[in-house]
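1. mind looking at a prediction? Sequence and model below.
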Amino acid sequence: MTTAHAKGNAPSSFSSATGRGTDADTRVLHQILESLEDSKAEDIVSIDIAGKSALGDHMVIASGRSSRHVSAICDELLRQIKEAGYGNARIEGLATGDWVLIDTGDVIVHVFRPEIREFYNLEKMWMTPELGDETLH
């Protein structure tokens, strides 16, 4: 699992922590994190979900200050992904700007308004430790 709360932490910790990401995975993740930082997204978290989900290898969660800010962050991110040659990402929720989901294939990006993010708390769900064969009673 990789998390990043400070600028520049996630790309380097991704490559060293997982050791299984391809150069393309690393580049698209780096491009996404850089775009979010440039757009002044807040509380950016990157979670390694490889092996935990067939949805993708990484999940990135960030917040915008308002619906307008969330939409602007996502518009810019989509433009940069396309210009970098990663193709057209699938997107949901851009019209309302409360919770926008961008699926690039290997990286899933969620951008929330703060109160929506707090309500759904995706970080808690995806960052729980794996119990393996142990059970809780």
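-> Cool, got the structure. Residues are numbered from 1 along each chain as shown.

2. okay, strands next: where are they in this protein?
-> Counting by DSSP state E, the segments of the chain that form strands are 42-48, 58-63, 90-92, 99-103, 107-112.

3. now the first one: average pLDDT?
-> The pLDDT scores in strand 42-48 average 93.

4. now swap in stretch 68-83 and tell me
-> The predicted model assigns stretch 68-83 a mean pLDDT of 95.

5. what lies in contact with that stretch?
-> Applying C-beta atoms under 8 Å, 6 or more residues apart in numbering, the external contacts of stretch 68-83 come out as 28, 31-32, 35-36, 38-41, 62-64, 87-89, 91, 94, 97-100, 102, 104, 109, 111-113. In this view, the C-beta of every residue, glycine as well, is placed from N, C-alpha and C.

6. find the nearest non-adjacent residue to the residue nearest the centre of the chain, please.
-> For the chain, Val60 is the residue whose C-alpha lies nearest the centre (C-alpha atoms, centre = their mean; 1.1 Å). With sequence-adjacent residues excluded and distances taken as C-beta to C-beta, 6 or more residues apart in numbering, Val60 is closest to Val109, at 4.7 Å.
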